[in-house]
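K.L.:
Got a predicted model here, sequence first, then my questions.
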There are 4 protein chains.
Amino acid sequence: MPVSQEVQNAMNVIFKEDSTLYAARGWGQRSGYGKSIAILNIDLANAWTRKGYRFTCEDMDEQIIPGTQRLIAAARKKNLPIIYTTTAFCSRFDIGAFPLRGPWEDLMLGTSGVEIDDRIKPVDGVDTLIVKKRPSAFAGTHLGGILRAGGIDTLICTGVTMAGCVRHTVEDALGEGFRTVIVRECVGDRVAAAIEWNCFDLDQKYSDVEPLDKVIAYIEGNEVPVYQYPL
Amino acid sequence: MPVSQEVQNAMNVIFKEDSTLYAARGWGQRSGYGKSIAILNIDLANAWTRKGYRFTCEDMDEQIIPGTQRLIAAARKKNLPIIYTTTAFCSRFDIGAFPLRGPWEDLMLGTSGVEIDDRIKPVDGVDTLIVKKRPSAFAGTHLGGILRAGGIDTLICTGVTMAGCVRHTVEDALGEGFRTVIVRECVGDRVAAAIEWNCFDLDQKYSDVEPLDKVIAYIEGNEVPVYQYPL
Amino acid sequence: MPVSQEVQNAMNVIFKEDSTLYAARGWGQRSGYGKSIAILNIDLANAWTRKGYRFTCEDMDEQIIPGTQRLIAAARKKNLPIIYTTTAFCSRFDIGAFPLRGPWEDLMLGTSGVEIDDRIKPVDGVDTLIVKKRPSAFAGTHLGGILRAGGIDTLICTGVTMAGCVRHTVEDALGEGFRTVIVRECVGDRVAAAIEWNCFDLDQKYSDVEPLDKVIAYIEGNEVPVYQYPL
Amino acid sequence: MPVSQEVQNAMNVIFKEDSTLYAARGWGQRSGYGKSIAILNIDLANAWTRKGYRFTCEDMDEQIIPGTQRLIAAARKKNLPIIYTTTAFCSRFDIGAFPLRGPWEDLMLGTSGVEIDDRIKPVDGVDTLIVKKRPSAFAGTHLGGILRAGGIDTLICTGVTMAGCVRHTVEDALGEGFRTVIVRECVGDRVAAAIEWNCFDLDQKYSDVEPLDKVIAYIEGNEVPVYQYPL
């Protein structure tokens, strides 16, 4: 579901002005890939990937899920660590302050909404599932620690939402010392303009945004050795 | 420096569509004020408030600094805790991964750029200055801990940039259990559309955005007791 | 399983010297209770509470479990929030660096070892269970945020181990802005001297250590209002 | 200032029993060195290293400072990153809950107590100084992020106190994905038994404890390449 032509035109005006300013000031640089990669699939659970939830996002069946399937398949061949997040709570107390602002009480553990979409489901005992409680996959979790222990320096990111969990995760990643690559076709939101806006803005300041084909080509290339746990 | 009429019109289209969708799904709620307030001035240091830096933001002299002066004056009368952040580093190692993406090496401790603008300067020994190293005032700092110890549950936020440090701070604040109120006239960015976009988006999902006069009226009202440190 | 008389005598020598020094320098103060209390039961899961695990601790059946049952019963009457932690992992990657030092790979999700002991089991949907990945209940978790959102300023702590998870949790709690009270009869370890040493040391510097009867009397007293979620 | 013979004898009894139990259960393993090392000098500021403060520790002039000087000299020859911490606050609000338990208000920014001892002082613009606010060098700081960005996987630790800041730092380090080596002659406390106890306990569970000569020999050996910032 693309944005309307009117909106896209206006965004193009904004993006052109802004990227000129950023370039003149030393932003807009590429961080590229480091030495060791993991895949991070953010909140691709049913409450976001399937119809009928208050968190439901667009373009799942046509684009985001098939794209993520291709990415995961390429990553498995290289034995890359594959990490999933969901956002889920066990009690009212566990949700903290979020219900002040939105329908977070929909995301209860034990309901199907918070389970990872079975079209891309994690392999038990092999993949890593982080049950986070906040937008960022780093805030209030142990993700930074296990990435460091596992020798990872670069995250390839998919998932939703661009204005929320994906954005916040890649910002935190840079502060935690990690490069990130957002896969353009594999990220979504509830509102189309939020995807455009955040892909532009993050690409200028925090994270490379790259097309799926190019990311898969990189993973399949010789540059990415088959991963072995480093300890 | 407002956005152009063309851009504003397009944004109005986006915002109307999005706020309808959000309202239908339970977002767009007000969090309001809790029981105990602090002021948080984010990165109002010279590298952002004065001309000629690569981090320089717009509308400082005309709007953001005078507005923040008024806010601080009102807060001092009620003895509210006033917290400032700056972003500053002591060595290349201290900057971490940020130079991969932008001109963060401009922000060195000991240079005037990272000092709080003296038009709103902190009172030594009374106000609290956090030398943060990341966009969020919570990530990699002790802010959450001292707010809790001080009995604060609500932050009134000013500063820059809306797309970066302010946005990330209010998102983290909600996860850390705090309400936030962004003061509309006291926040800025390097690009005008980023202010519009983020005020809309954050107001829908993470933080109230309120006009300065209304915030000051609240502080001056009887609802806000003169603050006393609670321990 | 108390320490031997010889060891206890030597510890008494140490404790006497140290408490004199601490008192002369302004340590050894009481923090007491704040305004709002939660119970935090640390790692009272089968791998620690039952025989035959590599994490098994002493004195469970005779003392720690019955004591914690009494504490929980008193807390439920006042509707206090009851929080449990366990330590559990979903993959080798999820355990991070811990296997470098000890048998942490025993603690896999889906095994009975990491389930809370059913003699004190949480009430589904009411109590809060934190699946932590590190010794401290605060490090790499969202605990600080939900305590603040819930208006809690004081934690009453039980569990194991005193040298590890309990110690680290109460230290972090103070930094996060919370008072703690360790219930003397409800904490344990794999080695008896570690309990004595850490109760002394933490009581001097980070946390009150109080007998169970006194803690229950406090909870049952009028000082503790029936808890209501504050948002 | 060693512990008395009586105390040492009792501790030997404890340590023998405990290490037998730990060994039988898979603890007491060596983590060793990884691929890239930094030095972390914890709170070797005047309030701990010089006489007359309420935080003053023992054995500074005879042992800890000279030992740390030797370590730093060896590290500079290999260009290893050298990180210092101090603990310091700018206002009562900044200290949070700590004054509930001890004389933390002694540690104010701008006083000589919180400055790094000039016998081992950092090189401006080259070394990294972290002004922490809690015992752990990781809690509420950006240390984890910059170590990762700098490609470091192992910390060689000196400083004080063993029961507080050093202990808490090496525990957090393991959770954050880092190996640590505590240099036996370069760590201290206000109470002698605390050094013995914590060196034993941490060596069993969280960190190697190694003699200074052996650590320096390792740094001077071919195994440690001259460090270059990796980005």
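P.N.:
That came through fine.

K.L.:
what about stretch A:78-96 and chain B, any contact?
P.N.:
Yes - using Cβ under 8 Å from any Cβ of the partner chain, we find that stretch A:78-96 touches chain B at A:Gly96. The way it works is simple: take the backbone N, C-alpha and C, and place the C-beta from them, glycine included.

K.L.:
So which bits of that stretch are buried?
P.N.:
Of the residues in stretch A:78-96, A:80-96 count as buried by neighbour count, 16 or more other Cβ atoms under 10 Å in any protein chain shown.

K.L.:
What mean pLDDT does that stretch get?
P.N.:
Averaged across stretch A:78-96, the pLDDT comes to 98.

K.L.:
Could you count how many residues lie near A:Arg148?
P.N.:
By other Cβ atoms under 10 Å in any protein chain shown, 25 other residues sit near A:Arg148.

K.L.:
which non-adjacent residue is nearest it?
P.N.:
Among residues not flanking A:Arg148 along the chain, D:Gly177 sits closest, at 3.0 Å (Cβ to Cβ, 6 or more residues apart in numbering or on different chains).

K.L.:
now that neighbour: how far from A:Gly145?
P.N.:
5 Å (Cβ to Cβ, to the nearest Å).

K.L.:
again, but for A:Met60
P.N.:
Plainly put, A:Met60 is 31 Å away from A:Gly145 if you go by Cβ to Cβ.

K.L.:
More neighbours: these two, which one.
P.N.:
A:Gly145 (28 against 20).

K.L.:
hmm, the biggest strand by length in chain A touching chain B?
P.N.:
Identified as the longest strand of chain A according to DSSP state E is strand A:179-188. Yes - Strand A:179-188 lies within reach of chain B by Cβ under 8 Å from any Cβ, at A:Arg179.

K.L.:
just checking, what packs against that strand?
P.N.:
helix A:65-77, strand A:154-160, helix A:167-175, helix A:192-205, strand A:208-210, helix A:212-220 (3 or more Cβ pairs under 8 Å, 6 or more residues apart in numbering or on different chains; DSSP states H and E).

K.L.:
Report how many residues lie close to A:Thr154.
P.N.:
Neighbours around A:Thr154, by other Cβ under 10 Å: 20.

K.L.:
Go ahead and confirm it touches A:Arg179.
P.N.:
Yes - using Cβ atoms under 8 Å, A:Thr154 makes contact with A:Arg179 at a distance of 4.4 Å.

K.L.:
any idea how far chain B is from the nearest residue to A:Leu80 once chain neighbours are set aside?
P.N.:
Among residues not flanking A:Leu80 along the chain, A:Tyr227 sits closest, at 5.1 Å (Cβ to Cβ, 6+ apart). Using Cβ to the nearest Cβ, to the nearest Å, one obtains 21 Å as the distance from A:Tyr227 to chain B.

K.L.:
Same question for A:Ser91.
P.N.:
15 Å.

K.L.:
shouldn't that residue be in contact with C:Gly150?
P.N.:
No - contact criterion Cβ under 8 Å: A:Ser91 and C:Gly150 do not qualify, at 10.3 Å.

K.L.:
related to what we said a few turns ago, which of the helices and strands packed on strand A:179-188 has the lowest mean pLDDT?
P.N.:
Taking the mean pLDDT of these, helix A:192-205 comes last: a mean of 94.

K.L.:
Look up phi and psi at A:Phe55.
P.N.:
phi -100, psi 0 (degrees, to the nearest 10).

K.L.:
Relative to B:Glu115, how far out is it?
P.N.:
From A:Phe55 to B:Glu115 the distance is 43 Å (Cβ to Cβ).

K.L.:
just to confirm, which helix or strand has the residue of chain A found nearest chain B in it?
P.N.:
Nearest to chain B in chain A, going by Cβ to the nearest Cβ, is A:Ala10, at a distance of 2.8 Å. Assigned by DSSP states H and E, A:Ala10 belongs to helix A:5-24.

K.L.:
related to what we said a few turns ago, and the pLDDT for the residue of chain A closest to chain B?
P.N.:
83.

K.L.:
What of A:Leu231?
P.N.:
Value for A:Leu231, per-residue pLDDT: 62.

K.L.:
Please spell out which residues along stretch A:43-60 are buried.
P.N.:
A:43-50, A:53-60.

K.L.:
Around chain C, which positions in chain A sit nearby?
P.N.:
Going by Cβ under 8 Å from any Cβ, the residues of chain A near chain C are A:81, A:83, A:90-97, A:99-100, A:108, A:125-129, A:131, A:133-134, A:139-142, A:145-146, A:148-150, A:229, A:231.

K.L.:
Just those residues: which are in strands?
P.N.:
A:83, A:128-129, A:131.

K.L.:
how about JSON lines for the residues you listed, with distance to B:Val183 added?
P.N.:
Shown next, in JSON lines, are those (distance: Cβ to Cβ, whole Å):
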{"residue": "A:Ile83", "distance to B:Val183": "38"}
{"residue": "A:Thr128", "distance to B:Val183": "41"}
{"residue": "A:Leu129", "distance to B:Val183": "40"}
{"residue": "A:Val131", "distance to B:Val183": "35"}
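
K.L.:
can you pick the most crowded of these?
P.N.:
Neighbour max across those (other Cβ under 10 Å) = A:Ile83, 26 neighbours.

K.L.:
Surely that one touches A:Asp127?
P.N.:
Yes - A:Ile83 is in contact with A:Asp127 according to Cβ under 8 Å; the separation is 7.0 Å.

K.L.:
tell me, how many neighbours does A:Pro66 end up with?
P.N.:
Neighbour count for A:Pro66, taken as other Cβ under 10 Å: 16.

K.L.:
Against A:Gly188, how distant is it?
P.N.:
Taking Cβ to Cβ, one finds A:Pro66 at 13 Å from A:Gly188.

K.L.:
chain center to stretch A:28-37: distance?
P.N.:
The chain centroid and the centroid of stretch A:28-37 are separated by 16 Å under Cα atoms, centre = their mean, to the nearest Å.

K.L.:
which of the residues in that stretch are buried?
P.N.:
A:28-29, A:31, A:33-34, A:36-37.

K.L.:
Spatially, which two of these are the most separated?
P.N.:
For the buried residues of stretch A:28-37, the farthest-apart pair by Cβ to Cβ is A:Gly28 and A:Ser36; their separation is 25.4 Å.

K.L.:
Let me see the contact set for the closest residue to A:Ala75 other than its chain neighbours.
P.N.:
Distances taken as Cβ to Cβ, 6+ apart place A:Ile39 nearest to A:Ala75, at 4.8 Å, with adjacent residues excluded. Listed by Cβ atoms under 8 Å, 6 or more residues apart in numbering or on different chains, the contact partners of A:Ile39 are A:71-72, A:75, A:80-83, A:155-156, A:158.

K.L.:
go again using 6 Å as the cut-off
P.N.:
Counting by Cβ atoms under 6 Å, 6 or more residues apart in numbering or on different chains, A:Ile39 touches A:75, A:80, A:82, A:156.

K.L.:
The residues you listed: which two are farthest apart?
P.N.:
A:Ile82 and A:Ile156 (9.8 Å).

K.L.:
interface residues of chain A facing chain D?
P.N.:
Residues of chain A lying near chain D by Cβ under 6 Å from any Cβ of the partner chain: A:144-145, A:148-149, A:175-177.

K.L.:
any idea which of the residues you listed is closest to chain C?
P.N.:
The closest of the residues of chain A next to chain D to chain C turns out to be A:Ala149 (Cβ to the nearest Cβ; 3.7 Å).

K.L.:
Do you know the pLDDT at the residue lying farthest from the centre of chain A?
P.N.:
Distance from the C-alpha centroid of chain A peaks at A:Ala24, with 28.7 Å (Cα atoms, centre = their mean). Looking at A:Ala24, its pLDDT is 95.

K.L.:
ok, now how distant is it from B:Gly113?
P.N.:
18 Å.

K.L.:
next one: A:Ala73
P.N.:
Distance, A:Ala73 to B:Gly113, using Cβ to Cβ: 48 Å.

K.L.:
Give me the more crowded residue out of those two.
P.N.:
Taking neighbours as other Cβ under 10 Å, A:Ala73 and B:Gly113 compare with B:Gly113 leading, 22 against 12.

K.L.:
thinking the more buried one is in contact with B:Asp43, fair?
P.N.:
No - contact criterion Cβ atoms under 6 Å: B:Gly113 and B:Asp43 do not qualify, at 10.8 Å.
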